[in-house]
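Colleague: The following comprises the amino acid sequence and a computationally predicted model.
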Amino acid sequence: MRLLLPLLTGCSIGLTPVPNINDSGGYPVLTDDTAMLDDDTGLGNGNNGPSGDDCVDADSDGIDTCSGDCDDNDSNTYPGAADADSATACMTDADGDGYGSDSPRNGVTAGTDCDDTNSNLSPSQTETPFDGVDSNCDGEDGGNMVSASGQGNLTINDNSTINSTASVSGCPEILDLQVSVNIIHTYIGDLEVTLNAPSGQSITLHNRSGSGSANIVGTYAPNGGSLTAAQSLVPLLGNPGNGSWRLTVSDNAYSDTGMLSAWGLELSCL
C-alpha cells in the first residue's frame, strides 16, 4: 500500500482530463482550467456555472448569445432591435427610431437608417426639399430643378407685341422659380413684359417703368432677383409647373425698337 500512495497522490495534480459533473454536454475539462469549466458545448466557452448555462448576456439587453444576439457587447444590437426594418433580424438601433443602422459592425445585419445617431433621420421622416439633409434616407434631398428656355432673337417693333414660349416637364409643383430676361431696347418706358403660366396666371414683370433707360437684363424671382417685378411672382408657387409658359413683350410707343435676345425659367419643383 505504501508503494501506491505516490501514484495516487500524483493523480490530484490536475493535469488529467476529468468529466465536469455540471457539464450537461459530457465534455471532459481540466479540473484546474476554470476558463473551461462547465463547457456544455465543447467549444471552450464554459462559464464555470451550473449545467446548461453557457449562454451569456454580457450587455444586459435581455437577449443572450444562444438566442441570436450577434453583438453581445452592444445593448442596442439584438434580434428585433429595429422592428420597423425586421422583427427578427439582428440589427443595431442606437437612436431608438425603430430602424437599423445601414452600416453596422461586421456580423450585424444592415438596416435602412442612414444616420443611426439621429432619430430625426429615418425612412419614416418627411423630406424637406433643398434643405441639404436627406431626412428620409432615400439618398436624395428631395425635389428637383427644371430649366427651360424660350425662343430668342425676336425683334420688338414699335407698337407691336411678340410672344415666346418655353415648355416645361417634370415639375408637378413649383417650390420656387426664377425668370431670366435679356431684352435690348433703347427706351424701356415703352415696354410691358408679362409672364403667362400653364396654370392660366399672368404676372406683369415690367409695366412701362424706367422712362428713357435702356435694356432689361437680369432675373425676376418671388424673393430676390436682380430685377423688381411689377407684380409678385409668389402666387405661382404651389401650382403645377408643367406645360407651356409664354413671355409677352409689348411696345406701346413710336421711335424706339429693340429685341428679345433671350429668356428662360429655372424652377425648383417638388
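Modeller: Good, I have the coordinates.

Colleague: only C-alpha atoms for contact and neighbour calcs from this point on.
Modeller: OK.

Colleague: In the stretch 1-150 of the chain, mark out all the helices, start to finish.
Modeller: 5-10 (DSSP state H, counting those that start in this stretch).

Colleague: any weak-confidence spans in it?
Modeller: Along the stretch 1-150 of the chain, segments meeting pLDDT under 70 span 1-54.

Colleague: Now residue 265: which helix or strand?
Modeller: strand 258-269 (DSSP states H and E).

Colleague: partner strands of that strand, parallel or antiparallel?
Modeller: Strand pairing for strand 258-269, determined by DSSP bridges: strand 144-149 (antiparallel), strand 154-156 (antiparallel), strand 174-185 (antiparallel).

Colleague: what's the following helix or strand after the last one?
Modeller: The one in question is strand 174-185. Following strand 174-185 toward the C-terminus (DSSP H and E): strand 191-196.

Colleague: So what touches that next one?
Modeller: Applying C-alpha atoms under 8 Å, 6 or more residues apart in numbering, the external contacts of strand 191-196 come out as 202-209, 245-252.

Colleague: run the last query once more with 6 Å
Modeller: 202-208, 245-251 (C-alpha atoms under 6 Å, 6 or more residues apart in numbering).

Colleague: likewise stretch 224-238?
Modeller: With C-alpha under 6 Å, 6+ apart, stretch 224-238 has contacts from 173-175, 203-206, 218-220, 222.

Colleague: Looking at these, which is nearest residue 116?
Modeller: residue 175 (29.9 Å; C-alpha to C-alpha).

Colleague: wait, what's in contact with that closest one?
Modeller: 237, 268-269.

Colleague: make it 10 Å
Modeller: Going by C-alpha atoms under 10 Å, 6 or more residues apart in numbering, residue 175 touches 129-130, 143-145, 234, 236-241, 267-270.

Colleague: Show the end-to-end separation of stretch 249-262, please.
Modeller: End-to-end distance of stretch 249-262 (C-alpha to C-alpha, to the nearest Å): 12 Å.

Colleague: Equivalent analysis for stretch 192-207, please.
Modeller: OK, stretch 192-207 end separation, C-alpha to C-alpha: 5 Å.

Colleague: what does stretch 139-153 give?
Modeller: This stretch, stretch 139-153, spans 41 Å end to end (C-alpha to C-alpha).

Colleague: Figure out how far it is from the centre of its chain.
Modeller: 21 Å (C-alpha atoms, centre = their mean, to the nearest Å).

Colleague: Surely residue 123 touches residue 137?
Modeller: Yes. Taking contacts as C-alpha atoms under 10 Å, residue 123 lies within contact range of residue 137: 5.4 Å.
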